[in-house]
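> Attaching a predicted model along with its sequence, questions to come.
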Amino acid sequence: MADFVLIMQTMFPWEWDRKNYNSTDGVYRFSNGSIFCVDGTDDIHKLRGLRQHIAHLNEAVPEIGYMAWQEINKRTEWFRFIDFNPSMTKHWVFESILTRPEDHFHYEHSTFRDNPFCPETAKAEIMGYEPTPENIKAGTADWWQWQVYGLGLRARMPGSIFTNWGITNFWPERRACERWWLGLDFGFVNPTALIEGCLFQDQLYLRQLVYETGLVTAKPLDPTIPSLVQRLEELEIRKQDKIWCDQAHATQIAELKAAGYGAVGAPKSRGENGDLHTIASIKRFRQYYINIHIASQDLQTEIENWRLESDPHTGELTDTPVDEFNHGLKAAMYGGFHVLPLSPSQIAEKYKNVVQNRSNRRNISPLRSVSNRHDRSTRQQVLFNLTGGR
């Protein structure tokens, strides 16, 4: 709203009247009866009460979710304007708007050079991203930022952990899925994320059920304080369903159990290279194509932006994931790691290790250990356990 006020005062001073401006509600009333109103899109229920002739969605990528767009779109009578920086390669703007027939929308490509209101300091900052010899020497060159903010082009962020994913508006029936689970990452300042995942026709499907900050776990005496248990009740989560959680949060898990929900701690381990559970889960998820539901905007933002750390001295990528843009994905992996079947190569590797350990204990060769009748039955049992009984 501050930009609106500045523009009115500097470019249209004859139309500006302080008496017509309500800073509390973000509303300005023009002398001809038109109303300019600024609203956020976080509260979907509030959007259902709004109606307008013209809607302008500012910074739609990645700030505005698909469900918010649906509510705004069907309640706008005349025109919809959308502006964005293409900081994501996959988003509902690209999937649902720019794929329409050309006579259904008009697309105007522009960059910071076309913006007369872009401050000189911001222009200099963006120009510094261009990978010229001078900028490379100065240490300001950034290929991704130049592609997105300099040229206005979609570009995948270097070091992206997942590239095998897409957006879908399809969600399979639970009874038709090969695997199904719920994963939960606790938060308060950071979002609490409850993710539903399933394996259907050898592809992963993920969608967010809860992605919200400021949630306590148990229902408090004050009904105005939002809680996770309240959200589970609203979602009608069955109490017999297992909810895989970060086992480090024993208190919150106990609170969910006290409310009757099947919360269990997902075992985790750490090593010299960081969270071994996360690294192993990433490898497991990379075996599949991942479908993110179109309404799960926060999950799309995470999978687009979660990346590997860079060495601060060399700039080279490391094997360690950054600890951001991962609340929903970690929730999905808490359950997915324990529910998803192993790939044939992983089964063979685990079986090889099991046999080798048995051989070392008996001081016999691996070949002999699988050649007799007793060990053949053991091999079958090992394979049965590793594949979840399939």
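Noted; the coordinates are in hand. Numbering: from 1, shown residues only.

> Contacts only, for the residue nearest to the spatial centre of the chain.
Of all residues in the chain, the one closest to the mean position by CA atoms, centre = their mean is Leu299, 2.1 Å from it. Contacts of Leu299 were listed using CB atoms under 8 Å, 6 or more residues apart in numbering, and they are Ile195, Leu206, Arg207, Gln208, Tyr211, Ile292, His293, Gly328, Leu329, Ala332. Yep, even glycine has a C-beta here, placed from its N, CA and C like the rest.

> From these, which land in strands?
When DSSP state E defines the strands, the subset of these inside them is Ile195, Leu206, Arg207, Gln208, Tyr211, Ile292, His293.

> which residues does the first one contact?
Spelled out, it's Ile195. 182-184, 206-209, 299, 328-329, 331-332, 335.

> I'd like to know the beta-bridge partner residues of it.
Applying DSSP bridges to Ile195 gives these bridge partners: Gly183, Gln208.

> per-residue pLDDT, it?
With respect to pLDDT, Ile195 has a value of 98.

> Would you quantify the distance from it to Phe325?
Taking CB to CB, to the nearest Å as the measure, Ile195 falls 14 Å from Phe325.

> quick one on the thing from earlier: name the nearest of the ones in strands among the contacts of Leu299 relative to Ala138.
For the ones in strands among the contacts of Leu299, the residue nearest Ala138 by CB to CB is Ile292; the value is 37.7 Å.

> what's the burial count for that closest one?
26 (other CB atoms under 10 Å).

> wait, isn't it in contact with Ile167?
Yes: using CB atoms under 8 Å, Ile292 is in contact with Ile167, at 5.6 Å.

> so what are the domain limits for the chain?
The record assigns the chain these domain ranges, following automatic domain parsing: 2-114, 120-150, 165-339, 344-386.

> And the ones you listed: which comes nearest Arg156?
Closest among the domains of the chain, using CB to CB: domain 2-114, at 5.3 Å.

> Now do the closest one: distance to the chain's middle.
24 Å (CA atoms, centre = their mean, to the nearest Å).

> Do me a favour and get the end-to-end distance for that domain?
Across domain 2-114, the terminal residues are separated by 22 Å (CA to CA, to the nearest Å).

> and that domain, average pLDDT?
The model assigns domain 2-114 a mean pLDDT of 90.

> repeat for stretch 174-188
96.

> same thing with stretch 299-312?
87.

> then that stretch to CSV, C-alphas only?
Output of stretch 299-312 as CSV, limited to C-alpha atoms (Å, rounded to 0.1, in the frame of the first residue of the first chain):
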residue,chain,number,x,y,z
LEU,A,299,5.3,-27.9,-1.1
GLN,A,300,5.9,-26.7,-4.6
THR,A,301,8.0,-23.8,-3.3
GLU,A,302,10.0,-26.2,-1.2
ILE,A,303,10.8,-28.8,-3.8
GLU,A,304,11.8,-26.0,-6.2
ASN,A,305,14.2,-24.3,-3.8
TRP,A,306,15.6,-27.1,-1.6
ARG,A,307,19.2,-27.5,-2.8
LEU,A,308,22.7,-28.6,-1.8
GLU,A,309,25.0,-26.4,0.1
SER,A,310,27.9,-24.7,-1.6
ASP,A,311,31.5,-24.6,-0.3
PRO,A,312,31.9,-21.0,0.9
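
> buried set for that stretch?
Leu299, Gln300, Thr301, Glu302, Ile303, Glu304, Asn305, Trp306, Arg307, Leu308 (16 or more other CB atoms under 10 Å).

> Check stretch 180-196 too.
So, applying 16+ other CB under 10 Å, buried residues of stretch 180-196: 180-187, 191-196.

> Stretch 202-222 now?
Buried residues in stretch 202-222 (16+ other CB under 10 Å): 203-212, 215-217, 219.

> Could you do stretch 116-136 as well?
Ile126, Gly128, Tyr129, Glu130, Asn135.

> next one: stretch 66-85
Those would be Tyr66, Met67, Ala68, Trp69, Gln70, Glu71, Ile72, Thr76, Ile82, Phe84, for stretch 66-85 by 16+ other CB under 10 Å.
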